[in-house]
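Fold the following for me, if possible:
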Amino acid sequence: MNYIELLKAKTLETKSIVCVGLDPILEKIPLHGNTREIIVKFYLDILHAFLKEDVLPSAVKPNIAFYEQYGFDGLYALQEIVKAYKEKGIIVIVDAKRADIGNTSNAYAKAMYDFWNFDAVTLAPYMGQDSIKPFIDYCKKGRGVYILNRTSNPGARDIQDLKVDGVPVYIKTAEKIIEWAQPGTGAVVGATYPEDLEKISKLFVNSGKEIPLLIPGVGAQSGKAKEVVDALKRAKMDLSIVRINSSSGINYAYTKYATTDYASAAVRALKELNEEIGIL
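Prediction:
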């Protein structure tokens with residue numbers, strides 16, 4: 001099974017295209033103990049609540065920086081969390097934004113896929129094809145990549161809106177993603193720019209290649225899931241290969257609902273986001 005097939009199968013199985021970002025911030029986690037124990041318990045409690053309520057996300061996305069900030073405690077916690085979620089058949093995408101010169105990218109790719117056993121990795125395309133190729137080669141082994149295309153942050157416009165031959169850099173990047181793509185090669189396109197999302201999605205659809213999308217920016221960054229889905233539908237994008245990510249909105253939903261039961265709150269937030277997205 002290649003990564004595209006895996007995405008479609010998990011969409012069908014979970015009846016969801018939500019990806020839950022697993023980004024620990026100790027100050028927001030209502031637990032006490034050592035760092036590793038707190039992070040692991042928090043995310044395993046949420047996993048068990050998902051399983052108990054039979055409401056699973058179609059992927060999870062740990063941002064590796066949120067674990068690295070806590071040193072080895074954070075990294076050991078990540079290792080336990082990845083193992084637990086993958087054992088339950090959940091796709092794990094690491095938000096690592098890797099890519100470097102060839103030999104370094106080879107080493108990064110081996111670390112992400114062979115050591116950590118992530119299903120997919122986010123990549124920065126600035127250094128070009130040779131920096132991306134070692135990761136795309138893993139697509140032949142059923143893994144995925146998501147290349148930064150149109151990011152959700154306010155500063156995205158500083159470079160991504162620059163014109164090359166009258167065309168914005170983010171469109172030129174989308175064209176390169178199509179050129180480089182093997183089954184499992186996807187793009188990161190932020191929810192905060194729905195018009196640009198629609199343009200990019202149409203470009204991918206018209207290329208005849210299946211380019212999966214990872215869409216951050218829903219919730220804390222003010223992106224609206226309904227606007228995202230409407231844009232994708234106008235572009236005739238296959239929603240089964242799309243993952244709409246929410247991190248803080250699900251992780252720390254207990255603060256919104258004024259409860260101490262953070263795990264049940266995460267389930268409730270996931271259900272509400274599924275409802276906002278609507279029937280696939």
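
Quick one: list the elements packing against the helix or strand harbouring Glu37.
According to DSSP states H and E, Glu37 maps onto helix 35-52. In terms of contacts (3 or more Cβ pairs under 8 Å, 6 or more residues apart in numbering; DSSP states H and E), helix 35-52 is packed against helix 71-87, helix 262-277. In short, each C-beta sits where N, CA and C put it, glycine included.

for those helices, which one ends up most surrounded?
helix 262-277 (a mean of 20; mean count of other Cβ atoms under 10 Å).

ok, and what's touching that helix?
15-18, 20, 29-30, 42, 45-46, 48-50, 53, 55, 57, 218, 225-226, 229, 244, 246, 249-254, 256-257, 259 (Cβ atoms under 8 Å, 6 or more residues apart in numbering).

Strands - which of those land there?
Here DSSP state E is the test, and these give 18, 20, 244, 246 as lying in strands.

Farthest pair within those residues?
Val20 and Ile244 (10.2 Å; Cβ to Cβ).

Nearest to Phe118, out of the helices and strands packed on helix 35-52?
Of those, nearest to Phe118 by Cβ to Cβ is helix 71-87, at 7.0 Å.

can you list contacts of the helix or strand that the closest one is followed by?
Moving toward the C-terminus from helix 71-87, the next helix or strand (DSSP H and E) is strand 93-98. With contact meaning Cβ under 8 Å, 6+ apart, strand 93-98 is reached by 19, 21, 59-65, 105, 108-109, 112, 116, 118-124, 135, 144, 146, 148, 214, 243.

Make JSON lines out of the ones in strands among the contacts of helix 262-277 and add neighbour count and distance to Phe72.
Formatted as JSON lines, those follow (neighbours: other Cβ atoms under 10 Å; distance: Cβ to Cβ, whole Å):
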{"residue": "Val18", "neighbour count": "25", "distance to Phe72": "31"}
{"residue": "Val20", "neighbour count": "30", "distance to Phe72": "25"}
{"residue": "Ile244", "neighbour count": "28", "distance to Phe72": "32"}
{"residue": "Ser246", "neighbour count": "28", "distance to Phe72": "28"}
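
Tell me the one of these nearest Leu197?
The closest of the ones in strands among the contacts of helix 262-277 to Leu197 turns out to be Ile244 (Cβ to Cβ; 10.7 Å).

List the contacts of that closest one.
Listed by Cβ under 8 Å, 6+ apart, the contact set of Ile244 reads 17-19, 191, 215, 218, 225, 228-229, 273, 277.

Next, work out how far apart the closest residue to Ala181 other than its chain neighbours and Ala187 are.
Excluding its sequence neighbours, the residue lying closest to Ala181 (Cβ to Cβ, 6 or more residues apart in numbering) is Lys209, at 5.2 Å. Per Cβ to Cβ, to the nearest Å, Lys209 is found 11 Å from Ala187.

returning to what we had before: report the buried members of the contacts of helix 262-277.
Buried members of the contacts of helix 262-277, counted by 16 or more other Cβ atoms under 10 Å: 16-18, 20, 29, 42, 45-46, 49-50, 55, 57, 218, 225, 229, 244, 246, 249-254.

pLDDT score assigned to Gly102?
Predicted confidence (pLDDT) for Gly102: 88.

Surely it touches Asp130?
Yes. Counting by Cβ atoms under 8 Å, Asp130 is a contact partner of Gly102 at 5.1 Å.

Reformat the helices and strands packed on helix 35-52 into TSV and put mean pLDDT and distance to Thr35 next to each item.
Below are these laid out as TSV (pLDDT from 0 to 100; distance: least, Cβ to Cβ, whole Å):
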stretch	mean pLDDT	distance to Thr35
helix 71-87	98	4
helix 262-277	97	17
